[in-house]
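Peer 1: no sequence on this one, just coordinates:
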Ligand SMILES: [Zn+2]
């Protein structure tokens, strides 16, 4: 798989479970694995509960 954001290689195992999170080592974007049939897709993970910026 490739990071949709920066095209870096992402290590997503072919048997990854839907809902698994992968983080791009290059740009740090988080993606959630979603499956449609036998296809594995990545969708951007929502950042939840990481509001450290105050
Ligand atoms: Zn990336």
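Peer 2: It's in. The model shown is predicted, which means the values in this text are computed figures rather than measured ones. Numbering: from 1, shown residues only.
Peer 1: and the residue nearest the centre of the protein?
Peer 2: residue 31 (1.9 Å; CA atoms, centre = their mean).
Peer 1: relative to the whole chain's centre, how far out is stretch 17-26?
Peer 2: Taking CA atoms, centre = their mean, to the nearest Å, one finds stretch 17-26 lying 3 Å from the centre of the chain it belongs to.
Peer 1: and that stretch with the ion, contact?
Peer 2: Yes: Stretch 17-26 lies within reach of the ion by CB under 5 Å from the ion, at 24, 26. All C-beta spots, glycine's among them, are computed from the backbone N, C-alpha and C.
Peer 1: contacting residues for residue 11?
Peer 2: 1, 22 (CB atoms under 8 Å, 6 or more residues apart in numbering).
Peer 1: try 10 Å
Peer 2: The neighbours of residue 11, taking CB atoms under 10 Å, 6 or more residues apart in numbering as the test, are 1, 22-25.
Peer 1: show me the contact partners of stretch 23-41.
Peer 2: Identification of contacts with stretch 23-41 by CB under 10 Å, 6+ apart yields 1-22, 42-47, 50.
Peer 1: start to end distance for stretch 1-19?
Peer 2: Counting by CA to CA, to the nearest Å, you get 16 Å between the two ends of stretch 1-19.
Peer 1: tell me which residues in that stretch are buried?
Peer 2: For stretch 1-19, the buried set under the neighbour-count rule, 16 or more other CB atoms under 10 Å, comprises 1, 3, 10, 12, 16.
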